[in-house]
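S.K.: Quick one, what's the 3D model for this:
(2 chains)
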Amino acid sequence: MHENQRPDPDSLLRHAQHEESSQRRGKLKIFFGAAAGVGKTYTMLEEARRKAEAGVSVLVGYAEPHIRPETETLLLGLDILPYKLVEHRGTILKEFDLDAALAANPELILVDELAHTNAPAMRHAKRWQDVAELLSAGIDVYTTLNVQHLESVNDIVERATGVKVRETLPDSIFETATEVQLVDLPPEKLIERLRDGKIYARQRADAALHHFFTMGNLLALRELALRQTADRINRDIDTFRQQHTQRDLSAVSQRVLVCVGPSPSSVNLVRTAARMAAAWKAEWIALYVETSAHGRLSEADRNRVAHTLDLAHQLGGQSVSLSGIRPELEIIAYAKKRGVDRILIGKPATRGWRRWFRQSFIDSLIQQSGDIQLVLIREDADSTTAPRSAYKKEWHRREWVIALAVVAVNTALGIGLYHGLGLSDINVIMLYLLGVLWVSARYSRTTGIVTTVLSVLAFDYTVVRPYYSFAVSDTQYLITFGVMLLTGLVISTLTTRLRDQERLSRLREQRTNALLQLSRELILCSDQTAVMQTAVRHVGEFFDSGVGILRPAPSGVPVLACASKGLTLDDKELGVADWVIRHGQRAGATTNTLPSAKGLYLPLKGVLNTIGALILVPGDSAKLGYPDQMRTLEAFTAQTAVAMERMILSEESQRIRERTDLELLRNTLLSAVSHDLRTPLAAITGSATSILEAGHTMATSMRNELITTIAAESQRMEKLIEKLLEMTRLESGKAILHCDVVDIEELIVAVASRWRKVIADREIKLDVADGLPEISGDPILLEQVLSNLLENAVEHSQVQTPVEIQARPTASSVEIRVMDRGVGLAPEEMHRIFEKFYRGQSSDSNSDSERRPIRGLGLGLAICRAIVQLHKGQIIGRPRAGGGAEFILHLPVAPTQTIHTIPAALDPQAPGGSDDL
Amino acid sequence: MNAFKALILVIEDDPAIRRFLNIALTGQQYRVQEASTAEAGLRAFGLLPPDLVILDLGLPDREGIQVLQDLRRLSKVPILIVSARGHERGKIDALDAGADDYLTKPFGVGELLARVRVALRRAAATAQPNSPNLSIGDIHVNQEARTVTVGGNPVRLTPHEYRLLIVLMRNAGKVMTHQQLLKAVWGTAHVFETHYVRVYMNQLRKKLEPEPSEPRYIMTETGVGYRLNLPDEL
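M.R.: So this is what the prediction gives:
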């Protein structure tokens, strides 16, 4: 057993490689077949077993529950992940447990039925999305797929078999798979297996045989599967050639543009385009031109446009939507801009007048196209039902009444004018046209047309002989009717188009304005919170929804950093947010991922990474289905993300800068402390141990000398520590000013008196002007400033020279100068002297070091500056005229300051009278 | 001097400082009683009434200021406070609470002994009946005649200046906080108006000091108060 426990070097290596691979994407192998029952699952399990025997950690993530007995035996001995049981409308569904699979983190996982649609409560709508997540987690995946589930062949399958397959998956999954293994079985064998009940239970098998497993279907599907696989192999060969021969096989990169519209046939058009583009190895773009008519489309049609564009995206194309009045011009302009070689367009199959309009569109496209090839694709006749105008549904009785009323009023007026006043019938026609114009300007085009027709009829009935009959005696009037009808139609068409255009541009303007407003306000924000609040407010107002911004938190669950009023999220919603932030993809309501969430979540993607998520709980969920709404929301989100990232980066760089400064300070402090404190300590230790060692043998004079050293060095150390502590206290921001009224003269006198005792041999000259205003400040700290300046002056000058202190009032401050005749300051030193740990160059040139044993840490002036700044004053140091240095200190006089005098009541004999002396 | 030198109670938790104080004080023939906690100090105080207390404000078991108040309730014996640097506010509180003087760590033996001598002498002086004549250096005050002379020359003082001088002279050598001076001269109503003290002190200096910018008598203890120098410090 011992041998078994020793790690096998191969498995160690494999493990290491697996660890490494968790950084990269997993590999996807698809076991591909023409229909159920060809043995995909069987082949997959067989291969998995081989892998498992070779030591790869294999997990069966999901195997179809209606598994065949011979397949079941293959499962023995493999690790099987339990199903996730989900209740849906009263039945228990067995689903693949994605989270458990990710947690188990095997090297290889088996997930059957790639095209499966998940139960609504699951994270993703489709199983291929689960697989994509496994791959991005670095786990290799084996899966099975039948050809009819491929999105791009969906229509071919429908045509060939007459069965509409609803569970589809994007071709990109199939194309990006690392390996596709075709599992093939001749149709006869398959039918045989089905009859034997090897695929479905017998009663289901009969139904299946009738519906799907017919020889014809199976042959078609097999051909399709073989062709798909062959295409893949061709592409693989091309890629291989490209990689191994230096020359680029497709030097001319091609681009295909497919024009889509709101009609259902556009979906097939997109699929065809995807297939053709793949065959030509071209990249392709699906283009929709939003005209004024877009606003008139029904919601279903608008959604269809959005879905068609989505489908194009899923099939690996780009989807673009433009707006313009004449689509053909927009299409050509865009195609030229993008360097498109071929334009694919649906060929109208309709007959009648619509076809005539459509034809003119295609004709003008052909005229404009220049050297771009146009490819017409036949549209299915049944699906070309033209998009219906939304107004048809919305057109209600009220408009009928209005049309009738307008015509009635006009008719009444017409009768009055024509029959009563005898005016010409032309004026009556004008009256009717005015009515048509009025109605068209306000109501739908249909109402306009109805008004026109009614007007013509009323005109005929009342004005045209014979009166009060629809019969026409003068055939000339037929021309009048025609012109009137045509004029009315043109008027109503033009006015409604104008109105739609206006509405559209108003909408667009609103959108642009809202975005502009947001970006303006975002620029003004100075921190993240402000950015988030601004974004939440704007998005909330524009979409009339609850909005929040979520940020990742160290605990793993994102937190709602900012939200509009009343928005709360439960754990489930936070889970959605977490997924969105980690994957950088949108999810939640109206999307394919976690659609059961109450909110729509969009990732806030910065330039560098996803910095959070924006949640929108729509007041009216349906509104978000509009592609342009979604685009607007995305624009809002992008702006917010960029603004937030800018804040985060600037805050981070600020922090880094502070940290670097702190680090630098700490290092300087450390070296200063270790050097400057050790030096006196060494002297003390040395002296003390000498006395101890020598005992009584030491001469008294020598002993006294050593003891003096100990005392002096201790004092020096004490000073250093005191300054360090003072600096630390000031720097930490914990220094509180204990403000009091400070009499500068008294302060100067007190400091000078103290120093005179310490340095009896130095002259300290005081020159304090009379009537100095009192200032407000902390007397103890201000005394320290003066004391430090005085100490500094004494240390940097010769014994024979005086140190002077001068105080003068200025307009709004008291100016104090501390001056010496010492070595002075170099101009380049003037700013540096106030830095921490900066020591003047000249301190060592003073040879008379015994009298001034205090050599500073370079903190004295830094402390001065910190204190003066706390008092909102200023301090500068500069060379003094005539040699030496001077330090000039300005302490502001509080504006409310009054010079204190003693109220008479307190002292009947006011001081200062001449008789007092 | 004589055999019955004063008994000094040292309440200090640091053994090294206690030992150094003991050596320094016994070297001057003072008798020393040590206590390392506030509890032990108060007990010792009750058993052996000392002539002076040296009290460390940073004791482990109780707030120094509380100990001080307890001691003050028991006796008027001079109390010298020892505190670490950077605790100026605590110092003022201690003085206001009745401490006689303070020493900031670290301090030299010379300074310690001087403060001890001053405190003991002042205690002895206040024990005597109020003498009508007070004098410090060249300043002489006759309390009966209410006259003040400096170097023999009469000086006229306002009533408040006079009262301020008397308070300072009676407490010569001791730091008087602004509050203490205000209370003594103006009464409790004005304890927060420290600028009165400053203005009068200025006047007093001008009248008494030979050179006000280099004062000999009235010393400013910045942020704390004033001290009138004793003759032996002049």
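S.K.: Which of the helices or strands spans the residue of the stretch 601-750 of chain A found nearest chain B?
M.R.: Across the stretch 601-750 of chain A, the shortest distance to chain B (Cβ to the nearest Cβ) belongs to A:Ala750, at 3.9 Å. C-beta coordinates here come from the backbone N, C-alpha and C atoms, glycine included. Assessed by DSSP states H and E, A:Ala750 sits inside helix A:744-758.
S.K.: Once you drop chain neighbours, what's closest to the residue of the stretch 601-750 of chain A closest to chain B?
M.R.: Nearest residue to A:Ala750, sequence neighbours excluded (Cβ to Cβ, 6 or more residues apart in numbering or on different chains): B:Thr220, at 3.9 Å.
S.K.: these two touch, right, the one you found and B:Pro212?
M.R.: No - with contact defined as Cβ atoms under 8 Å, B:Thr220 and B:Pro212 do not form a contacting pair (11.6 Å).
S.K.: ok so, going back, roughly how far is the following helix or strand past the helix holding A:Ala750 from the heart of the chain?
M.R.: Note on helix A:744-758: by DSSP H and E, the next helix or strand toward the C-terminus is strand A:764-768. Mean-position distance between strand A:764-768 and its chain equals 67 Å (Cα atoms, centre = their mean, to the nearest Å).
S.K.: swap in stretch A:740-754?
M.R.: 61 Å.
S.K.: what's it in contact with?
M.R.: Stretch A:740-754 has contacts (Cβ atoms under 8 Å, 6 or more residues apart in numbering or on different chains) with A:764, A:766, A:768, A:772, A:774-779, A:782-783, A:786-787, A:790, A:805, A:807, A:814, A:816, A:891, A:900, B:194-195, B:198, B:201-202, B:212-215, B:219-223.
S.K.: if we go to 6 Å?
M.R.: For stretch A:740-754, the external contacting residues (Cβ atoms under 6 Å, 6 or more residues apart in numbering or on different chains) are A:764, A:766, A:768, A:772, A:774-775, A:777, A:779, A:782-783, A:786-787, A:805, A:807, A:814, B:195, B:198, B:213, B:220, B:222.
S.K.: which residues does the residue positioned nearest the centre of chain A contact?
M.R.: Geometric centre of chain A, nearest residue: A:Leu604, 1.9 Å, by Cα atoms, centre = their mean. Applying Cβ under 6 Å, 6+ apart to A:Leu604 gives the contacts A:Ile611, A:Gly612, A:Leu614, A:Ala641.
S.K.: What sits closest to the last one if chain neighbours are left out?
M.R.: In space, and not counting its chain neighbours, A:Ala641 is closest to A:Leu604: 3.9 Å by Cβ to Cβ, 6+ apart.
S.K.: So for B:Ala38, what's the pLDDT?
M.R.: You'll see B:Ala38 listed with a pLDDT of 90.
S.K.: Skipping its backbone neighbours, what lies nearest it in space?
M.R.: B:Arg62 (4.0 Å).
S.K.: Quick check on the one you found: phi, psi?
M.R.: Backbone torsions for B:Arg62, taken as degrees, to the nearest 10, come to phi -140, psi 160.
S.K.: Please identify the helix or strand for A:Phe213.
M.R.: Residue-wise, A:Phe213 maps onto no helix or strand under DSSP H and E.
S.K.: Determine the longest helix present in the chain.
M.R.: Since no chain was named, I'll use chain A. The single longest helix within chain A, with elements called by DSSP state H, is helix A:627-694.
S.K.: I was thinking of chain B, sorry if that wasn't clear
M.R.: Max-length helix for chain B by DSSP H is helix B:109-127.
S.K.: Would you give the sheet partners of the helix or strand that it is followed by, along with the direction of each?
M.R.: Remark: after helix B:109-127, the chain's next helix or strand is strand B:133-136, criterion DSSP H and E. Sheet pairing of strand B:133-136 (DSSP bridges) gives strand B:139-142 (antiparallel).
S.K.: buried set for the partner strand?
M.R.: Residues of strand B:139-142 classed as buried by neighbour count (16 or more other Cβ atoms under 10 Å in any protein chain shown): B:Ile139, B:His140, B:Val141.
S.K.: Please apply the same query to stretch A:866-879.
M.R.: A:Ala866, A:Ile867, A:Val868, A:Leu870, A:His871, A:Gly873, A:Ile875, A:Gly877.
S.K.: number of nearby residues for residue 166?
M.R.: Here I'm looking at chain A. 9 (other Cβ atoms under 10 Å in any protein chain shown).
S.K.: I was after chain B.
M.R.: 18.
S.K.: so how far is chain A from the residue located most distally from the centre of chain B?
M.R.: Of all residues in chain B, B:Asn153 has its C-alpha farthest from the mean position, at 28.9 Å, by Cα atoms, centre = their mean. For B:Asn153, the distance to chain A (Cβ to the nearest Cβ, to the nearest Å) stands at 10 Å.
S.K.: Show the backbone phi and psi for that residue.
M.R.: Dihedral angles of B:Asn153 (phi, psi; degrees, to the nearest 10) stand at phi -90, psi 130.
S.K.: Run through the bridge partners of it.
M.R.: B:Val150.
S.K.: How about residues contacting whichever strand or helix holds A:Ala807?
M.R.: Assigned by DSSP H and E, A:Ala807 belongs to strand A:803-809. With Cβ under 6 Å, 6+ apart as the test, strand A:803-809 has contacts from A:744, A:748, A:764-769, A:772-773, A:793-794, A:815-820.
S.K.: Check stretch A:585-596 too.
M.R.: Stretch A:585-596 is contacted by residues A:120-121, A:123-125, A:576, A:579-580, A:597, A:599-602, A:624 when judged by Cβ under 6 Å, 6+ apart.
S.K.: can you do 7 Å?
M.R.: Applying Cβ atoms under 7 Å, 6 or more residues apart in numbering or on different chains, the external contacts of stretch A:585-596 come out as A:120-121, A:123-126, A:129, A:576, A:579-580, A:597-603, A:621, A:624-625.
S.K.: Skipping its backbone neighbours, what lies nearest the residue of the stretch 251-400 of chain A found nearest chain B in space?
M.R.: Residue nearest to chain B within the stretch 251-400 of chain A (Cβ to the nearest Cβ): A:His313, separated by 69.4 Å. Sequence neighbours aside, A:Ser319 is the residue nearest to A:His313 in space, at 5.0 Å (criterion: Cβ to Cβ, 6+ apart).
S.K.: Compute the distance between that neighbour and A:Leu311, please.
M.R.: Distance, A:Ser319 to A:Leu311, by Cβ to Cβ, to the nearest Å: 9 Å.
S.K.: Please apply the same query to A:Thr709.
M.R.: For A:Thr709 relative to A:Leu311 (Cβ to Cβ), the value is 92 Å.
S.K.: Ok, A:Arg878 next?
M.R.: Applying Cβ to Cβ, the value for A:Arg878 to A:Leu311 is 77 Å.
S.K.: Repeat that for A:Thr637.
M.R.: 23 Å.
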